[in-house]
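**Student:** sequence and predicted structure below; questions after.
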Protein chains: 2
Amino acid sequence: MAEIDFWYSIGSTYSYLTVMRLPEVALATGTTFRWRPFDVRHIMIEQNNVPFRDKPVKAAYMWRDIERRAKTYGLAPKVPAPYPLAELVLANQVAIVGAEEGWVEDYTRATYRRWFEAGQPAGEDPNLSDSLKEIGQDPDRVLREAKSDRIVGALAKATEEAQTLGIFGAPSFAVGREIFWGDDRLDDAIAWAQRGATPE
Amino acid sequence: MAEIDFWYSIGSTYSYLTVMRLPEVALATGTTFRWRPFDVRHIMIEQNNVPFRDKPVKAAYMWRDIERRAKTYGLAPKVPAPYPLAELVLANQVAIVGAEEGWVEDYTRATYRRWFEAGQPAGEDPNLSDSLKEIGQDPDRVLREAKSDRIVGALAKATEEAQTLGIFGAPSFAVGREIFWGDDRLDDAIAWAQRGATPE
C-alpha cells in the first residue's frame, strides 16, 4: 500500500482541488494519504514567497485555472472565493484537533465546500461552527481545544516539520523525503510512492 | 487543425521541458504551435513576480521537479543549469529574427540543449554562435540583425502583446484569449484548442 503525506493549509486555494478529490483518488489508486495541516503562510512570509496578494494578474489567472481544473474534477466552485483568509491559523488549529481525533478529512472538506461553494471564509463563523456541527462535533469544545497552548504548539511543530522537508507551498505531497508541490503533481507523487519514479 | 500560440522566453527554466517535447506533441495531437518569443523578465519585474532568484528553497525544488519531469519525457538535463541568464534579452532578440526567418524552433531547441545539457548559458558564446552555426545560420549576420532597432522593437512589441493577453510567466499557451501557464498545462491547452474545454 503506497503511503503519502498530504501537506496542506486551509487557506491555500489550489488545495481545494486536492481536498475535494483525494478520497476518490485514494480509493482508485490504493494509496493511503495522511492529512497533515500546517501553516503555509508562516513559511511563505519567512521565505518572501507571496504568490498572489500583490500580484493581481497572476491571481486572476489562478482563479480561472482553478475554475477550469475544478470542472475537470466535476466540481463547480464560485470563484474568486474570499481570499486571503483572515483566520487561516485558527482554521488549521481546528484541523490539527481533527487530525488527533480522526475527523480531519471530514472537517477540511466541509469547510472548503462552504468556502469555495458558498463564499463563506473558512476559520470563522458561520463556516467554522456549521462545518463542525455537520460532522457531528461540538464547536465550543473544539474551539476551546483548538486555541489551547498544546494545539497552538502542535500546528507550529507541524509547520516546522514541513519546512524541514523543504515544503514551501500547499498542497504538497511527501513520499519519504521526495516532495511534490501542487495539485497537478498528485499523479507524479502517487507514481513515486508506487514505483519510486515519475510516470513514463 | 487546432492552433496554439506558444509564448516562451529563452531564460525560462520550465520552458526547457516544452521546447524539447513540442515537435512530437504537435505531431501526435495534430496541433499547430506558433512559437512566440517574448521577454518574460520584463513582465515579472514590472509585476513584482520574481519566482526563484531570492527564494532558494523554491528554486531547489524547481530544479528537482524539472529533473523528474524531464525523465518522464526521455530527457536528461544537467541541473541546476546556469541561472538566471545574463543575456536573456539578446537570446530572445535572436529568436525574434528566427521567427521572421523560419528557424526559431531549431534555434530555440539548439540553444536550450546547450544550456541545459552542456551547461552553457544561452544568449552568449559559445552557446549562441554554435547554436546558430548548427542550424546553418551565420552568427555575425544574425547578431547584427538581432541588435537592430527594428528587432529590439519587435521583441518589446511581442512582450506587450503577451502582457495584454494576461501572460505573466513562461511557458504560456494561448488559445484565443484563454491562457494556460506552465509546461504542465500543455494538455489542457490542447484540449481547449480542440474542443473548447479542459479534459474530463
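**Tutor:** Cool, got the structure.
**Student:** which residues are in contact with the residue nearest to residue A:193 when sequence neighbours are not counted?
**Tutor:** Spatial nearest neighbour of residue A:193, excluding adjacent residues (CB to CB, 6 or more residues apart in numbering or on different chains): residue A:2 at 3.7 Å. Just so you know, the C-beta spots here come from the backbone N, C-alpha and C atoms, and that holds for glycine as well. Applying CB atoms under 8 Å, 6 or more residues apart in numbering or on different chains to residue A:2 gives the contacts A:29, A:30, A:31, A:32, A:175, A:190, A:193, A:194.
**Student:** ok, residue A:17 next?
**Tutor:** Applying CB under 8 Å, 6+ apart, the residues near residue A:17 are A:66, A:69, A:70, A:73, A:75, A:183.
**Student:** considering only these, which also neighbour chain B?
**Tutor:** With the criterion set as CB under 8 Å from any CB of the partner chain, the members of these near chain B are residue A:69.
**Student:** tell me which of the contacts of residue A:17 fall in helices.
**Tutor:** A:66, A:69, A:70 (DSSP state H).
**Student:** contacting residues for the second one?
**Tutor:** If you count contacts by CB under 8 Å, 6+ apart, residue A:69 has them with A:17, A:183, A:184, B:188, B:198.
**Student:** can you turn the buried part of the residues you listed into a ChimeraX selection?
**Tutor:** Burial among those is assessed by 16 or more other CB atoms under 10 Å in any protein chain shown; the matching ChimeraX selection reads:
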select /A:17,183,184 /B:188,198
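**Student:** got the residues of chain A near chain B?
**Tutor:** Residues of chain A lying close to chain B (CB under 8 Å from any CB) are A:47-49, A:54-55, A:57-58, A:60-61, A:64-65, A:68-69, A:71-72, A:166, A:168-169, A:179-182, A:184-185, A:188, A:197-200.
**Student:** tell me the buried residues within those residues.
**Tutor:** Neighbour counting with 16+ other CB under 10 Å marks A:47, A:49, A:55, A:57-58, A:61, A:64-65, A:68-69, A:166, A:168-169, A:179-182, A:184-185, A:188, A:198 as buried within these.
**Student:** low-confidence ranges, chain A, go.
**Tutor:** Within chain A, the segments meeting pLDDT under 70 span A:199-200.
**Student:** for it, which segments count as helices?
**Tutor:** Going by DSSP H, chain A shows helices at A:15-29, A:40-46, A:56-72, A:88-101, A:104-117, A:127-134, A:139-146, A:149-165, A:186-195.
**Student:** for residue B:139, find the nearest of these.
**Tutor:** helix A:56-72 (36.4 Å; CB to CB).
**Student:** would you mind getting the angle between that closest one and helix B:149-164?
**Tutor:** Helix A:56-72 runs at 50 degrees relative to helix B:149-164, counting by axes from the mean of the first three to the mean of the last three CA atoms, to 10 degrees.
**Student:** would you mind getting the angle between helix A:56-72 and helix A:15-29?
**Tutor:** 30 degrees.
**Student:** what angle sits between helix A:56-72 and helix A:104-117?
**Tutor:** Using the same axes, to 10 degrees, helix A:56-72 lies at 120 degrees relative to helix A:104-117.
**Student:** for stretch A:96-114, measure first residue to last.
**Tutor:** Stretch A:96-114 has an end-to-end distance of 19 Å (criterion: CA to CA, to the nearest Å).
**Student:** any residues touching it, and which ones?
**Tutor:** A:8, A:10, A:15-16, A:19-20, A:22-23, A:35-37, A:91, A:94-95, A:120, A:122-123, A:126-128, A:130-132, A:134-137, A:142, A:145-146, A:151, A:154-155, A:158.
**Student:** among the contacts of residue A:17, which one sits closest to chain B?
**Tutor:** residue A:69 (6.7 Å; CB to the nearest CB).
**Student:** quick one, what contacts residue A:184?
**Tutor:** So residue A:184 contacts A:69, B:182, B:184, B:185 (CB under 8 Å, 6+ apart).
**Student:** among the residues you listed, which pair sits farthest apart?
**Tutor:** A:69 and B:182 (11.8 Å).
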